[in-house]
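Participant: what shape does this take:
(one chain, ligands or ions: 1)
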Amino acid sequence: MTPYAPVPFRLTVLMYHYLRDLGDDCEAGSGIGGWPPSAFEAHLERACRAYHPVSWADVQAHLAGQAALPPRALLITFDDGLLDHYLNAFPRLQAAGLSGLFFALARRPGDGLTHPHRLHFLLARLGLDGLRAALLARLAPHDAARLLAAEAHYRPLWSDPVDGFKTAVQRELAAAVSQPLAGLLAEYVGDERSLADRYYLNAEQVAAMRAGGMHFGGHSQTHPWLDFVSAAQAAAEAAASAAWLRPVERGPFAFAYPYGGCDERTAAHLAAAGFGAAFTTNAGAQHASPYHIGRYDGEALPAGFFEVPHG
Ligand SMILES: [Zn+2]
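Facilitator: Sure, this is the predicted structure:
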């Protein structure tokens with residue numbers, strides 16, 4: 001079910017994750033840093049001068065062939081459905097008269113944290129070497145060997161060894177690390193369910209943001225590499241996200257690929273579940289397909305980004 005035509009189109013999209021200052025209600029002593037809200041506010045001011053900010057509803061109408069996007073159209077997006085987005089992004093967007101598109105995980109109260117966020121808490125508490133040693137000690141010998149082999153494979157692909165470790169854990173050992181990571185969180189950080197229930201947006205916050213002109217898209221249920229899981233899991237993740245969105249948004253829905261991991265099979269699963277557009281993590285403002293819409297990382301924009309056109 002997708003009425004959207006895959007015509008090439010132009011749209012600049014920004015992507016943000018954590019928006020917080022150390023010590024604020026989002027960081028809450030976790031040690032997990034983020035992009036400072038004051039810097040985000042400066043981006044909004046400059047974006048309003050250099051671009052024509054649009055909402056997800058505007059992009060939906062464009063993709064459906066109902067209305068053209070203005071020149072230098074800009075969409076602001078946020079991944080992971082974090083408390084940061086309610087406390088630090090929403091009020092600033094509202095004050096600027098802007099609408100953001102928030103890709104939230106299909107979580108329910110009591111579900112706990114997804115792997116990337118478990119790793120963020122544990123890395124902030126133990127550091128890379130401490131976490132690696134603690135995890136290896138809790139894994140079965142053959143899984144420990146798999147982790148070391150996967151890390152040796154991924155480490156050269158990243159400039160930061162933390163990224164090589166995270167990719168190895170999240171891509172190759174997602175099932176095997178589940179219990180060990182839960183145990184490490186309980187031992188070193190705290191009760192995972194209460195952490196998660198505060199860390200992710202709750203239903204009341206989502207409703208308030210929708211009432212305030214914000215929009216929501218899907219980001220899966222467990223934050224897997226969708227190009228790396230079974231077809232059955234990819235389909236189930238898309239279906240869970242669509243079910244989460246149905247009471248919140250009018251379809252066809254928007255989706256952001258976790259870690260940017262996507263392939264043709266994933267796009268087909270999304271289309272079948274009711275998604276009409278999907279966003280990647282690849283920079284670029286010219287998009288050949290609505291299922292591969294590139295985005296610029298708001299935390300790593302090149303100098304002069306708000307002064308020059310992109311393509
Ligand atoms: Zn994510």
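Participant: care to break the protein down by domain?
Facilitator: 9-107+202-300, 115-194 (automatic domain parsing).
Participant: give me the distance from the longest one to the chain's centre.
Facilitator: From the chain centre to the centre of domain 9-107+202-300 is a distance of 7 Å (CA atoms, centre = their mean, to the nearest Å).
Participant: please see if it touches the ion.
Facilitator: Yes - for a cut-off given as CB under 5 Å from the ion, domain 9-107+202-300 has contacts with the ion, namely 79-80, 258. C-beta here means a position set from N, CA and C on the backbone, and glycine is covered the same way.
Participant: tell me the contacts of residue 133?
Facilitator: By CB atoms under 8 Å, 6 or more residues apart in numbering, no residues touch residue 133.
Participant: and it, which helix or strand is it part of?
Facilitator: In this structure, residue 133 sits in helix 115-138 according to DSSP states H and E.
Participant: would you mind writing the CA trace of that helix as CSV?
Facilitator: This file holds the C-alpha atoms of helix 115-138, laid out as CSV (Å, rounded to 0.1, in the frame of the first residue of the first chain):
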residue,chain,number,x,y,z
HIS,A,115,20.6,-2.6,22.6
PRO,A,116,22.1,0.7,21.4
HIS,A,117,20.8,2.5,24.5
ARG,A,118,21.8,-0.3,26.8
LEU,A,119,25.3,0.2,25.4
HIS,A,120,25.2,4.0,25.8
PHE,A,121,24.5,3.6,29.5
LEU,A,122,27.1,0.9,30.0
LEU,A,123,29.8,2.6,28.0
ALA,A,124,29.2,5.8,30.0
ARG,A,125,29.6,3.8,33.2
LEU,A,126,32.3,1.3,32.4
GLY,A,127,34.2,2.7,29.4
LEU,A,128,35.0,0.6,26.3
ASP,A,129,37.6,-1.6,27.9
GLY,A,130,35.6,-2.2,31.1
LEU,A,131,32.4,-3.0,29.1
ARG,A,132,34.2,-5.4,26.7
ALA,A,133,35.8,-7.3,29.6
ALA,A,134,32.6,-7.5,31.6
LEU,A,135,30.6,-8.7,28.5
LEU,A,136,33.2,-11.2,27.4
ALA,A,137,33.1,-12.7,31.0
ARG,A,138,29.4,-13.2,30.8
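Participant: pull out the buried residues from that helix.
Facilitator: 115-126, 131-132, 134-135, 138 (16 or more other CB atoms under 10 Å).
Participant: what's the neighbour count on residue 173?
Facilitator: 21 (other CB atoms under 10 Å).
Participant: whoops, residue 152 was the one
Facilitator: Residue 152 has 11 neighbours, counted by other CB under 10 Å.
Participant: tell me which of the domains of the chain approaches residue 307 most closely.
Facilitator: domain 9-107+202-300 (6.6 Å; CB to CB).
Participant: and the helices in the stretch 151-300 of the chain?
Facilitator: Secondary structure of the stretch 151-300 of the chain (DSSP state H, counting those that start in this stretch): helices at 161-167, 178-188, 192-199, 203-211, 231-245, 264-273.
Participant: good, we can wrap up now.
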